Structures are given as C-alpha cells and as structure tokens.
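Undergrad: this one's sequence-less:
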C-alpha cells in the first residue's frame, strides 16, 4: 500500500460522510426513477451534474483546509449579504430536505419490518428521536465509524446487483411502448429534480467544510491540502459511480414496462427492494431491505447532523452574543431537537406522500445551485488563500461553465412554465 493511499484512508471522514449523505434520495429514488422512466439516456444529466457541480463541493474542502475557517465564515467575510442569503437557503432546507429523507427511510423501515398498520408520521417520529439521541451522545466519531461499514456494504451490494442485472439483460418492453418525452414541462421538472440533488444539494458544500474541521479536531491534527482533497475525491467518485449503477438497475429492470413507481413511501420501498431481489433471488429480500434501510438511515443521520451544525454556525456568526453565552455542545443539542420538531410537523402535514416534498426540496436545490457555486468561488479566489492554495485555471473555468449551464437551464424551465 502506497504512503499516499495510507494517508487518504487515515484521513477519510468528511468525504465518506459526503458519500453517505449523497447516496440517499438522489440515488435510491431519483437515479432509479430516471432509468425506469427515461432509460439509459439519463446517464447524460447524471454525469453532467456530477462534473459541473464538482468544483462547488471541492471548494468547501479547499477553503477550510487553507484558512481553518468554514465556508460559512467565508460568506461573512465576503459580505453579510452572502451569509444572510445562505441562512435563508438553510432555513428552507430545514423544512424540506430532512423531512423528505425521513419519509423515504420510514417507508423502508415499514417494508423491512412489515408494519404497514403504523402511520408514516409515527415511524418518522421514532426515527427522529433515535437518531437525535445517537447524534447528541455519539458525536462525530460515532458518525464516521458507523458509516464506513454502511457505505462499504452498500457499494458491494449495488455493484453485485448491477452485474447480475446486466448479465440477465433488459426486460422485454410492452407492445407499442412509447417513451416519456424529456423536453416537456414534466420532463424538464424531473431533470431539475434529478440534477438538483445529484450528487446532492449544493448547500451541502458547507456541510463538508464543517465536517472537515470536526474531523481535524477529533484526530488532533490537520492533513495537507492535497491529502484532504484526495480524501474528498474518493467519496465523490463513489457517489458518482453509485448514481450510474442505480440508473442501470432502474433502466434494465423497469424501462419499457409501463411500471409506475409509487409516490407512497412504503409502496415505493417495496418496489425498490424487489428491483434487487428479482435478480438475486427472494432469499435476499431481507438482506436488501436491511441494506437499503441502513443506507437511508445513514443519510438521515449525516444530513441531520450537518444541518444542525450549519444552523449553529450561522447563528453564532449572525449573533456573536449567542456564542459567548452558550457552548457549542449545548447549541448543537438544541439544534438537533428543534430540527426534529420542525420536520416531524412537516411530515405529519404531508403524510406518506413523498412525491411533492421531494420535488420541492430538489427544485429549490437546483435553483440556488449556481448562486452558491459563485459564492464558493468567491471564497477560494479571495486574498485569504495564496496562489498555490487557490484552484487551478481549469477548475475555475469548469466552475463558470457549471454556473452558466445551471442558470440557463433554470431560465429554460421558467420559460416553459410561463409560455
């Protein structure tokens, strides 16, 4: 094993949390639906999203390693308006992202334990309480250690299933099957949802920034910029590969069959698990159900942890008096509990129908992506970083291409809706 690889494995943490958080709704739900509804062609927007949004996330690791500050602190340094805008986006995310994740996870748990008689909100509340307890008691170290196991198992499970699916070949299409059009209002809205959360929401770039600082605090030292970027890239590559694998599974098993994937969390969970077991065998149903639930459970845990940390960071920067009179541990605990209460209320209002909630969350993420991407770029090209620490010319060009592409795509959608 090379010394470079040893360093990457030793410092793996923020990139792993990123992968765990990303391999959730965007992969299990959106990528699978993309392949099932539109076929192999959807690999193009998936690759585009992963490539064009890469700099937005990479800058979170780069800025924090170079300055020892979070991206959110960087927003304040660029101007209070930057921080206020990000605070607004975080506020919206508070009411959408976690609720959407917990609804999907609740459906998988209902499917795993066969407890359909219990309402979704009650299952979600139980998960909220349990995960809140783990986050408050276990802290970052528990989060990182538990996710190493989950992500490794999921990667091998999805890879094995994909190989079996490819070996079996595509299912037969129904007679006179007509593919769903992509460039109409419904198709563009789906593309926005897919790319909005592929590999994950762009505001998560600051989550990686906060996890990096917490990782360095836990292990007692900070790795070099090169090592930190290698560690993050490892997690990013894993998320990109898994997105394509889920697309292939959905395409080869459902495309052309006119099968409708349900918006009900519990029904969709059963459909999803059956995609795997139909090729592996019914004996694997319980194992796949457990793996799928563990994946979404870890996604809920990482997102809940991140939004709580981000909320605390924003409050402390906007109201310095809060930091002086309260410890970070106390504020983090309060944030975790408040998020539980807010998102349980949202889930109770939406019920078991996850479609509208996921659509809203992904739509908001897509619209703000180019703005946050620009904010992150302003951070890493500021005077706080020396020339060697700033991104190379190619990465800057890729950033501008991503900002322009995502902005034009949003304008195109609004044009279709209005006219």
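TA: Nice, thanks for sending it over. Because the structure is a prediction, the values reported are computed rather than measured.
Undergrad: please make it C-alpha for all contacts and neighbour counts, starting now.
TA: Fine.
Undergrad: could you list every helix and strand in contact with the biggest helix by length in the chain?
TA: For the chain, the helix that runs over the most residues, judged by DSSP state H, is helix 120-168. Using 3 or more C-alpha pairs under 8 Å, 6 or more residues apart in numbering; DSSP states H and E as the contact criterion, the secondary-structure elements in contact with helix 120-168 are helix 14-22, helix 97-113, helix 205-219, helix 225-254, helix 265-280, helix 285-318, helix 328-350.
Undergrad: so which of these is nearest residue 123?
TA: With respect to residue 123, and counting by C-alpha to C-alpha, the nearest of the helices and strands packed on helix 120-168 is helix 97-113 at 5.8 Å.
Undergrad: give the other helices and strands that the closest one contacts.
TA: Where contact means 3+ C-alpha pairs under 8 Å, 6+ apart, helix 97-113 is packed against helix 120-168, helix 265-280, helix 285-318, helix 328-350, helix 355-380.
Undergrad: let's have those in a markdown table, adding mean pLDDT.
TA: Listed next are the helices and strands packed on helix 97-113 as a markdown table, based on pLDDT from 0 to 100:
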| stretch | mean pLDDT |
| --- | --- |
| helix 120-168 | 78 |
| helix 265-280 | 70 |
| helix 285-318 | 83 |
| helix 328-350 | 86 |
| helix 355-380 | 80 |
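Undergrad: closest to residue 30 out of those?
TA: Using C-alpha to C-alpha and comparing the helices and strands packed on helix 97-113, the one that lies nearest residue 30 is helix 355-380, at 9.5 Å.
Undergrad: could you point out which element follows that closest one?
TA: In the C-terminal direction, the helix or strand that comes right after helix 355-380 (DSSP states H and E) is helix 393-418.
Undergrad: in that next one, what's buried?
TA: Going by neighbour count (16 or more other C-alpha atoms under 10 Å), the buried part of helix 393-418 is 395-396, 398-400, 402-403, 405-407, 409-410, 413.
Undergrad: flag the least confident of those.
TA: In terms of pLDDT, the weakest of the buried residues of helix 393-418 is residue 413, which scores 72.
Undergrad: element containing the residue nearest to it when sequence neighbours are not counted, please.
TA: Leaving out its chain neighbours, the residue that sits closest to residue 413 by C-alpha to C-alpha, 6 or more residues apart in numbering is residue 188, at 6.5 Å. Element membership for residue 188 (DSSP H and E) is helix 185-196.
Undergrad: buried sites along that helix?
TA: For helix 185-196, using 16+ other C-alpha under 10 Å, the buried residues are 187-196.
Undergrad: from those, which is closest to residue 88?
TA: residue 196 (17.5 Å).
Undergrad: excluding its backbone neighbours, what's nearest the closest one?
TA: Distances taken as C-alpha to C-alpha, 6+ apart put residue 366 closest to residue 196, at 3.9 Å, once the chain neighbours are dropped.
Undergrad: for that neighbour, give me its contacts.
TA: Each residue near residue 366 by C-alpha atoms under 8 Å, 6 or more residues apart in numbering is listed here: 192-193, 195-197, 201, 406, 410.
Undergrad: could you do residue 216 as well?
TA: When the contact criterion is C-alpha under 8 Å, 6+ apart, the partners of residue 216 are 222-223.
Undergrad: for it, give its distance to residue 74.
TA: Taking C-alpha to C-alpha, to the nearest Å as the measure, residue 216 falls 19 Å from residue 74.
Undergrad: equivalent analysis for residue 105, please.
TA: Applying C-alpha to C-alpha, the value for residue 105 to residue 74 is 34 Å.
Undergrad: more neighbours: the two, which one.
TA: The neighbour comparison of residue 105 against residue 74 (other C-alpha atoms under 10 Å) goes to residue 105, with 30 against 23.
Undergrad: and the gap between residue 381 and residue 63?
TA: For residue 381, the distance to residue 63 (C-alpha to C-alpha) stands at 9 Å.
Undergrad: which of the two has more neighbours?
TA: The residue with more neighbours, out of residue 381 and residue 63, is residue 63; 27 against 17, by other C-alpha under 10 Å.
Undergrad: element containing that one?
TA: Taking DSSP H and E as the definition, one finds residue 63 inside helix 54-67.
Undergrad: elements contacting that helix?
TA: Using 3+ C-alpha pairs under 8 Å, 6+ apart, helix 54-67 sits against helix 71-78, helix 205-219, helix 225-254, helix 355-380, helix 393-418.
Undergrad: tell me the angle of it relative to helix 393-418?
TA: In this structure, helix 54-67 runs at an angle of 130 degrees to helix 393-418, with axes from the mean of the first three to the mean of the last three C-alpha atoms, to 10 degrees as the basis.
Undergrad: now what about helix 54-67, what contacts it?
TA: For helix 54-67, contacts defined as C-alpha under 8 Å, 6+ apart pick out 69-71, 202, 204-206, 208-209, 212-213, 222, 224-225, 228-229, 232, 372-373, 376-377, 379-380, 384-385, 389-390, 395-396, 398-399.
Undergrad: same question for stretch 156-176.
TA: Here stretch 156-176 makes contact (C-alpha under 8 Å, 6+ apart) with 242, 245-246, 248-249, 251-258, 276, 279-280, 288.
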